[in-house]
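[1] Here is my input; please provide its structure:
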Amino acid sequence: MNKKTRFIVGIDLGTTNSAVSYIDTEDKSSNKKKPHELKKAPVVFDIPQFVDDGIVGKISTLPSFLYIPGAYDAEIATDGLPWQTGSEKIITGEYARIIGGKKPSNLVYSAKSWLCYSRVDRNAPILPWGREDTAGKLSPVSASAAYLKHIINAWNSDGGGVRGKYHPLQDEQVAVTIPASFDETARELTFKAAELAGFKNLTMLEEPQAAFYSWISQNEANLGDIIKENTLVLVFDMGGGTTDFNLITVEERGGKPEFKRVAVGDHLMLGGDNMDLALAREVEESIFGAGQKMGIAGWTSLTHQCRKAKETLLSEQSVNEVEVTFLGSGRSVIGGSVKGVITSNAAKNIVLNGFFKHVGIDEDVTERRLGFQELGLPYVSETAVFKHLSAFLKRHAANPFLAPWVKTADTGGVRAVRPDAVLFNGGVFKSASLRKASLDMINHWFSPSEPNFNVKELENDKLDHAVALGAAYYGLVLRGEGVRITGGTGKSYYIEVAHQSAAPSELKSPLTSVCILPRGAEPDNEITLTEPEFQVMANTPASFNMFSSSYRVGDKPGDIVTAEQDFFFKLPPVKTILQFGKKSGTAHLPVTLSVKLNEYGTLDIWCESKTTPHRWRLSFQLRDAAASDDTSEETAALTDTRTLDQETSEQACEAIRAALWGNEQALGALTKTITEIIGVEKDNWPLPVIRKLWDTLMELKQRRLITPVHEARWLNMSGFLLRPGFGYLLDTERIKELWKIFSEGVKFYRYGGCCLEWWIMWRRVAGGLSEQNQDIIFKKTAQHLIPGRKKKDTPKLQNPEVLEFWMLTASLERLGSTAKVELGDELLRQIKKFGDKNTAKLMWALSRLGGRVPFYGPVEKVIPKAAAEKWIREIMALKWTHPADASYAISQLARKTGDRAGDTDDALREEASRWIQKVTAGAAERYIKRLSEALPVSFDEEREVFGDTLPVGLIINKGK
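    Okay, the predicted model is just below:
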């Protein structure tokens with residue numbers, strides 16, 4: 001990074017508002033008496049933007065909204081900014097927020113929150129969420145880049161000053177802020193957005209630290225008078241989309257205060273947006289009645305107005321109510337605008353008595369069901385803010401660095417960290433009543449043991465700009481000036497290793513790992529691990545599971561740690577092929593690991609050979625788990641419930657070799673033989689074992705071509721051993737190897753069993769196939785399923801194969817929604833024409849095509865709710881011999897998710913519930929519950945969906 005630029009710039013890329021500040025290191029206008037102080041004081045940059053139709057103004061923040069003009073927006077002025085060439089049509093900032101409130105289907109917002117959501121492809125054009133017209137849509141990354149590009153253009157077009165003319169922003173020293181709880185993927189995607197915008201000289205800073213740097217900047221001249229030694233400060237940062245907790249200690253060195261960050265919290269998607277949604281529900285219910293819902297456009301408009309109303313009602317005591325106006329829709333209103341009122345009492349009841357309600361410090365966070373998903377994002381289900389704060393303070397009571405501040409809280413003897421002071425940050429805390437409620441809560445927790453305790457509030461009167469101001473000041477700190485916050489990274493990092501010995505029996509879900517970077521490591525300080533000794537396989541794909549922990553303290557590089565998985569956060573895996581030598585054969589290499597925290601807050605990892613000069617850079621796999629071309633292990637968490645010794649595993653592999661080199665009788669007995677060797681039934685074969693068996697099977701892939709029996713058995717075993725196509729180390733590479741035989745097809749195609757087993761195999765591993773792979777399969781199967789796609793030479797299939805084609809094609813969750821709708825329409829047409837024979841398999845297929853909750857695929861590929869509603873009505877209109885099959889399909893097509901853009905109509909779900917109750921016995925209650933509550937997918941449902949039992953140790957993670 002170039003630290004000799006004239007300007008040091010801080011950018012707060014916020015969920016709701018973005019802000020920019022800067023320090024001009026050559027400013028000659030400072031107060032001559034104290035030039036050294038004023039030189040360090042950051043200045044807010046007023047950002048030019050549209051503030052109304054055709055009107056450009058400069059304001060101190062850039063609202064994080066993008067408006068994409070539609071076909072009927074010709075009257076909206078989209079040019080007039082100093083840098084515009086005439087081709088730019090997207091509106092950014094204040095006027096985007098205003099016009100988007102009236103036409104929300106064209107409005108992009110909360111892009112920062114979408115960067116955290118692993119169940120969507122964050123590089124795909126999915127925003128505005130819920131808009132079916134894909135023209136002009138943006139990805140979360142490109143939307144974030146658009147905000148940053150606007151800031152660059154605004155700076156560079158500064159006509160009157162030296163900034164834009166001689167010091168373009170992309171070349172200056174810049175710090176962009178991110179939530180402390182952002183994981184590796186979200187950090188890398190933010191950096192990617194900055195690169196797309198054009199930044200070249202960039203670092204990143206976590207927002208709570210930036211807020212504290214702003215406070216230091218404002219009080220640097222008299223820090224020692226304001227804050228004393230041995231003080232513990234809680235930074236309570238609550239913005240529009242996320243909440244972060246940090247703990248910073250104050251020590252004294254050389255007569256001056258020294259600050260050290262000692263704790264960070266976990267990621268919480270909880271903020272002002274959640275409160276806006278709750279207020280909007282209150283207004284909606286008051287107008288339309290309990291249980292009634294308005295359309296997505298009106299709802300989005302209402303939530304944006306609730307944001308402003310919340311701020312007004314909670315900060316201005318003289319205002320008793322705020323009127324909101326939005327487009328009406330639904331059964332109660334037909335078109336036109338609707339007016340509602342939010343009273344001060346209602347706002348305080350929802351926010352103060354709901355989100356900020358007082359709780360006992362012994363009350364735990366409860367995660368009973370899915371959280372708010374009204375606008376597509378998976379907010380936390382526990383909205384009691386103080387429960388999350390108490391959990392943070394209790395978990396860090398084990399931190400030895402915080403021992404002086406660990407006290408007995410409340411009357412129940414709970415031990416927790418007691419802060420001496422609080423620095424509030426984020427737009428939520430513009431409300432004095434919320435700050436007071438927070439201080440009162442902390443005092444209440446610790447007053448029983450310390451009656452005279454009174455937590456202190458550190459003043460922050462720049463809540464809209466503190467993060468940007470602090471980021472600019474941080475740039476000065478990087479140049480060796482100002483006051484630095486030490487403490488390094490707030491997390492420690494680990495790489496998973498095989499169990500060295502049996503885990504302690506008291507651990508429910510143990511994880512054994514090696515610490516590779518300790519908590520407190522400073523950026524750019526490279527650490528080399530010489531112990532324990534690592535060995536890797538060269539010239540073959542390698543994958544390493546990575547974890548971080550905000551809570552473990554004292555682990556040193558090289559320490560082997562076995563602890564509960566709850567203490568760790570799973571990161572994207574590190575994946576690579578270590579090329580070594582000119583030959584392609586595999587080789588065992590002794591290596592050391594070198595690790596460094598870079599200036600963006602992410603890890604740089606190298607693998608170094610101990611015997612040669614080779615050094616390989618290892619990279620995190622950042623493709624989205626739910627939507628990538630390379631399906632990977634991010635979609636699954638591995639819990640080894642049993643292990644087998646090496647000899648037993650090798651005996652099972654040898655049984656496969658013997659069977660494939662043997663006769664048909666040996667092939668027929670193969671499953672029984674392996675079961676006897678392993679000692680458990682085949683559905684309970686451990687995941688590591690079945691993947692090793694698959695590897696052996698793949699080594700013998702040419703043996704499948706010997707006889708029809710060999711081919712059918714090989715295909716059957718291959719699909720079973722690799723199901724569901726993901727979830728274990730190197731499954732991506734296994735799928736790539738398997739895909740190589742797809743173009744070969746079935747050799748013994750006249751033997752019906754081989755053809756059937758071929759397609760069953762691809763269905764079983766469909767979850768691991770890339771979007772391109774799935775599209776190729778779809779083009780083959782669609783010829784047999786959809787009359788309009790049939791070719792002249794398309795052979796006629798037997799009924800079992802047709803059914804398998806439907807089940808396979810329905811399992812391709814990465815297909816576009818248009819293809820899924822086409823398939824579902826044809827499936828229902830055939831049922832109407834030929835009756836409801838084989839309904840179990842056909843309704844299973846329809847439920848996969850139109851299910852509201854994908855089981856491995858990206859959320860944005862779910863079919864439009866209008867198509868799902870059409871199918872539901874058609875199903876209920878038919879007479880069914882086996883209505884339970886139809887009820888199961890409806891329970892998936894009408895399943896409630898909480899996402900207003902994707903959920904089917906409430907009235908239709910109620911009608912579907914009555915229909916299921918009427919025609920279905922036994923499972924009716926289970927199906928109906930899916931329609932009335934937004935519930936996570938159960939283990940039993942996973943088995944229903946995959947059509948097989950899942951391998952032992954595989955837990956499908958429905959994503960954050």
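[2] alpha carbons only for contacts and neighbour counts from here, please
    Fine.
[3] For the stretch 401-550 of the chain, just list every one of the helices.
    For the stretch 401-550 of the chain, the helices defined by DSSP state H, counting those that start in this stretch occupy 432-446, 466-478.
[4] and Pro140, which of the ones you listed is closest to it?
    With Cα to Cα as the criterion, Pro140 lies closest to helix 466-478 of those, at 21.3 Å.
[5] Run the chain-centre distance for the closest one.
    28 Å (Cα atoms, centre = their mean, to the nearest Å).
[6] Output the contacting helices and strands for it.
    Contact here means 3 or more Cα pairs under 8 Å, 6 or more residues apart in numbering; DSSP states H and E; on that basis helix 466-478 packs against strand 7-12, strand 17-24, strand 173-178, helix 207-219.
[7] how about the longest one as CSV, C-alpha atoms only?
    The C-alpha trace of helix 207-219 is given here as CSV (Å, rounded to 0.1, in the frame of the first residue of the first chain):
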residue,chain,number,x,y,z
GLU,A,207,-16.4,-1.0,11.8
PRO,A,208,-16.3,-1.2,15.7
GLN,A,209,-12.6,-0.3,15.6
ALA,A,210,-13.3,2.5,13.1
ALA,A,211,-15.9,3.9,15.5
PHE,A,212,-13.4,3.8,18.4
TYR,A,213,-10.8,5.5,16.2
SER,A,214,-13.2,8.3,15.6
TRP,A,215,-13.7,8.7,19.3
ILE,A,216,-10.0,8.8,19.8
SER,A,217,-9.6,11.4,17.0
GLN,A,218,-12.2,13.6,18.7
ASN,A,219,-10.6,13.3,22.1
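[8] Could I have the CA atoms of the next helix or strand after that helix written out in CSV?
    Downstream of helix 207-219, the first helix or strand assigned by DSSP states H and E is helix 223-226. The C-alpha trace of helix 223-226 is given here as CSV (Å, rounded to 0.1, in the frame of the first residue of the first chain):
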residue,chain,number,x,y,z
LEU,A,223,-7.7,11.1,26.4
GLY,A,224,-6.0,10.6,29.8
ASP,A,225,-8.6,12.9,31.4
ILE,A,226,-11.6,11.2,29.9
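[9] want to try TSV for the helices and strands packed on helix 466-478, with distance to Pro795 and mean neighbour count as columns?
    Compiled in TSV, the helices and strands packed on helix 466-478 are given as follows (distance: least, Cα to Cα, whole Å; neighbours: other Cα atoms under 10 Å):
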stretch	distance to Pro795	mean neighbour count
strand 7-12	61	28
strand 17-24	59	24
strand 173-178	57	26
helix 207-219	62	25
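[10] Can you say which of the ones you listed is nearest to Met717?
    Set against Met717 and scored by Cα to Cα, the helices and strands packed on helix 466-478 come closest in strand 173-178, at 47.1 Å.
[11] Adjacent strands (with direction) for the closest one?
    Sheet pairing of strand 173-178 (DSSP bridges) gives strand 7-12 (parallel), strand 202-206 (parallel).
[12] quick one: low-confidence ranges for the stretch 501-650 of the chain?
    By pLDDT under 70, the low-scoring segments of the stretch 501-650 of the chain are 501-503, 505, 541-542, 575-577, 579, 581-586, 619-645.
[13] hey, where'd the strands end up in it?
    For the stretch 501-650 of the chain, the strands defined by DSSP state E, counting those that start in this stretch cover 510-517, 527-538, 541-544, 546-549, 560-564, 569-570, 574-577, 587-597, 603-609, 615-620, 636-638.
[14] re earlier: let's have the strands paired with strand 173-178 in a markdown table, adding mean pLDDT and distance to Gly727.
    Formatted as a markdown table, the strands paired with strand 173-178 follow (pLDDT from 0 to 100; distance: least, Cα to Cα, whole Å):
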| stretch | mean pLDDT | distance to Gly727 |
| --- | --- | --- |
| strand 7-12 | 96 | 37 |
| strand 202-206 | 93 | 32 |
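[15] Make a markdown table out of those and add distance to Gly426.
    Shown next, in a markdown table, are these (distance: least, Cα to Cα, whole Å):
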| stretch | distance to Gly426 |
| --- | --- |
| strand 7-12 | 11 |
| strand 202-206 | 13 |
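[16] which one of the helices of the stretch 401-550 of the chain is the most hemmed in?
    helix 466-478 (a mean of 28; mean count of other Cα atoms under 10 Å).
[17] ok, and what's touching that helix?
    3, 8-12, 19-23, 40-44, 173-177, 205, 207-215, 217, 425, 460, 482-484 (Cα atoms under 8 Å, 6 or more residues apart in numbering).
[18] before we move on, back to that, I'd like the strands of the stretch 501-650 of the chain as CSV, with distance to Ile674 appended.
    Formatted as CSV, the strands of the stretch 501-650 of the chain follow (distance: least, Cα to Cα, whole Å):
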stretch, distance to Ile674
strand 510-517, 28
strand 527-538, 28
strand 541-544, 27
strand 546-549, 33
strand 560-564, 32
strand 569-570, 33
strand 574-577, 31
strand 587-597, 29
strand 603-609, 37
strand 615-620, 36
strand 636-638, 23
